[in-house]
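Engineer: output the structure for:
(2 chains)
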Amino acid sequence: MIKQRLKQMLLDAARSAYEAGRLLSPDFPETSVEEPKIEAHGDFATNFAMAGASAQKMPPRKIAEAIADHLDDHEGIIEKTEIAGPGFINFFIRQTAWLPVLKEIHDKDHSFGAAGLGDGKKVQVEFVSANPTGPLHIGHGRGAVVGDTVASLLSFCGYRVDREYYINDAGRQIHTLGKSVYLRCLELGGKEVEFPEDAYQGDYIYEIAKSAIAEKGPGMLEKSEQEAVEICARYAAGQILKDIRVDLENLGVRFDSWFSEQKLYDSGRVDKALSFLEKKGLIYEKDDARWFAASRFGDEKDRVVVRKNGQTTYFASDIAYHLEKYERGYDRVIDVWGADHHGYVQRLSAAITAMGKSSGQFRVILTQLVNLLRKGRPVSMSTRAGRFVTLRDVTDEVGRDAARFIFLTRHHESPLDFDLEVAKAKTNDNPVYYVQYVHARISSIWKKATEERGIQAALPNGLELLCEPEEIRLIKQLARYPETVAVAAELMEPHRVAYYLMDLAALFHAYYNKHRVLTDDPNITEPRLYMIMAVQKIIRNGLGMLGVSAPETM
RNA sequence: GCGCCUGUAGCUCAGUCGGACAGAGCAACGGACUUCUAAUCCGUAGGUCGCACGUUCGAAUCGUGCCAGGCGCGCCA
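Structural biologist: All right, here's what the predicted structure looks like:
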């Protein structure tokens, strides 16, 4: 990568300038090379001289001159350097130095830009994990897409990634679900029932009740209430989970494993985790309850793990779950939660620190809430009345590609306004089509090239003829792909890839409108075809990373 | 009251490790289709980066204090 080579050259230049007596100190700052916003400032610039001014006790411009004089560009990638402003060194790269990236893209194809950052380490990304007590809503959709894409990014960057869904199938909510269904069953059987306010109100409960009667038989209702509720609970959770699976599949999200909370209890894992902490002296008894000393690990206060009534808390099973994750051999564990759970982060982090794990081994990604709008007006979401727009409604209406792309064009910690009408619009309000259109346009050109001109393959001939400014800009953008993906993976910010693709698409459309690829001159047609096929590969790879399709025609 | 997130153009949002003159799309206005797909392109206009102070060669970015919106502060999940 050109940037890396420049960094090395700078460091070498600084050393030889010091040896030649032009610099006073061998203490150099960390070299930072970045791309200036303005093209007139060159392809790359460094603040090396300014950052080193205090150590050198010299004016920045003097330092910059010394370094510039000692630059050894034996590969010949630099056209010229300039010293500008308070002491920036600006580099102008020889245009032909950009061209090799095209061949690299063609050669490496799907794996272009794949970095070995992860070094084969095992990572688990746990996301969605919605309670199986009702349909998914749009907020779950956001978490699903962010989690899925973070997993893809990490996987591309050399981690061994598993996607997991944690099923909260133990505890009171499931019991409430069972009771809700049971009562609806009785109601359907003609009995007068009082339906409590804290039960699940939605119409889907009726649907489940109907099929429960059909499948389990009316005899179910003759058992004791406790037994019947239990049957209803398990049946309902199973049905809802089935629907959740379908909803996620529709969004292009698939999990490697579905982990049951109930199994943690059944296998004694919760007790095991608590005694593990107890042995470390981190569990104590107070007010007839048992507490974990979370405050010793940065949490505000200690937290109850076993209640006065002898039942464990959700926190206890979560500790057991995370302990189990590490026991399964995951080096890093990533949880994607809705922002409404952020109060929970510290206590779980505390528990994980208590397990002896470092902060780098656990990360919670919080996704902010989604406001669902239609034509700028909030869509009413009354959970109490059981009347709300589900995730399925949304994907059915706007489609997977648009839904995913919209979730990924915001930083996940920014609240998101999701407007159904905008999501359906096939205009630039909806950049997914803008990006996909590049792919389709290139397919169309290629089709024409093969069918009408008998061209068989894109070959790297005459690339030095790619010297239009729009061509150089496009190729430079292609060269940015590896770094974009690496940074997105490292920071777990998938939106960076989406923005990268929009920028690439803009450069391509601008190029397309100004220059023809298929010309009467084969000498110019060949390299241009080679270039746009590289663009197409990056678009395809990038969209694929985001779980968005790359259509041949639109 | 305490904690977390957010605040950038009329709207929706980017802005990397503190870098040079603040970025895109939409909306507005004016242009470009006998051409490889106009789901496109070109141009114009649009800013107190919530406010104030501080840190320094340099702040949308870091620190402190305010303001506004969202969320959270259970022996709920």
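Engineer: list, one by one, the residues from the stretch 251-400 of chain A near RNA strand B.
Structural biologist: A:286-289, A:300, A:303-304, A:307-309, A:311, A:313-315, A:339-344, A:366, A:368-369, A:376 (C-beta under 7 Å from any atom of the strand). Yep, even glycine has a C-beta here, placed from its N, CA and C like the rest.
Engineer: please report how far the closest residue to RNA strand B within chain A lies from A:Tyr166.
Structural biologist: Here chain A gets closest to RNA strand B at one residue, A:Gly343, 2.2 Å apart by C-beta to the nearest atom of the strand. For A:Gly343, the distance to A:Tyr166 (C-beta to C-beta, to the nearest Å) stands at 18 Å.
Engineer: middle-most residue in chain A, spatially?
Structural biologist: Nearest residue to the geometric centre of chain A (C-alpha atoms, centre = their mean): A:Val150, 3.0 Å.
Engineer: count of neighbours near the residue nearest to it when sequence neighbours are not counted?
Structural biologist: Closest residue to A:Val150 in three dimensions, ignoring its sequence neighbours and counting by C-beta to C-beta, 6 or more residues apart in numbering: A:Met492, at 5.0 Å. Other residues near A:Met492 number 20, with proximity taken as other C-beta atoms under 10 Å.
Engineer: same question for the one 3 residues further on.
Structural biologist: Using other C-beta under 10 Å as the criterion, A:His495 is surrounded by 18 other residues.
Engineer: list the strands paired with the helix or strand where A:Arg163 lies, with their directions.
Structural biologist: Assigned by DSSP states H and E, A:Arg163 belongs to strand A:160-167. Strands that pair with strand A:160-167, judged by DSSP bridges, come out as strand A:122-126 (parallel), strand A:257-260 (parallel).
Engineer: could you confirm whether it reaches RNA strand B?
Structural biologist: No: Strand A:160-167 is not in contact with RNA strand B by C-beta under 7 Å from any atom of the strand; minimum separation 10.2 Å.
Engineer: how about residues contacting that strand?
Structural biologist: Strand A:160-167 is contacted from outside by A:118, A:120-129, A:132, A:147-148, A:151-152, A:154-155, A:237, A:241, A:253-262, A:321, A:330, using C-beta atoms under 8 Å, 6 or more residues apart in numbering.
Engineer: so which residues on the stretch 451-554 of chain A come close to RNA strand B?
Structural biologist: A:487, A:491, A:493, A:495-496, A:499, A:502, A:506, A:509-510, A:512-518, A:552-554.
Engineer: circling back to that earlier point, restricted to helices, list the residues of the stretch 251-400 of chain A next to RNA strand B.
Structural biologist: Per DSSP state H, helices hold the following members of these: A:Tyr314, A:Phe315.
Engineer: tell me which of the residues of the stretch 251-400 of chain A next to RNA strand B fall in strands.
Structural biologist: Applying DSSP state E to those, the entries found in strands are A:Lys286, A:Ala289, A:Arg303, A:Val304, A:Leu366.
Engineer: name the member of the residues you listed with the most neighbours.
Structural biologist: Result: A:Arg303 is most packed of those (other C-beta under 10 Å), 21 neighbours.
Engineer: thinking that residue is in contact with A:Arg296, fair?
Structural biologist: No: with contacts counted by C-beta atoms under 8 Å, A:Arg303 stays clear of A:Arg296, the gap being 11.5 Å.
Engineer: overlap of the contact sets of the two?
Structural biologist: Counting by C-beta under 8 Å, 6+ apart, nothing touches both A:Arg303 and A:Arg296.
Engineer: re the thing from before, which of the residues of the stretch 451-554 of chain A next to RNA strand B count as buried?
Structural biologist: A:Glu493, A:His495, A:Arg496, A:Tyr499, A:Met502, A:Ala506, A:Tyr512, A:Val517, A:Leu518 (16 or more other C-beta atoms under 10 Å).
Engineer: tell me which element the closest residue to the first one other than its chain neighbours falls in.
Structural biologist: In other words, A:Glu493. With sequence-adjacent residues excluded and distances taken as C-beta to C-beta, 6+ apart, A:Glu493 is closest to A:His411, at 6.7 Å. Under the criterion DSSP H and E, no helix or strand holds A:His411.
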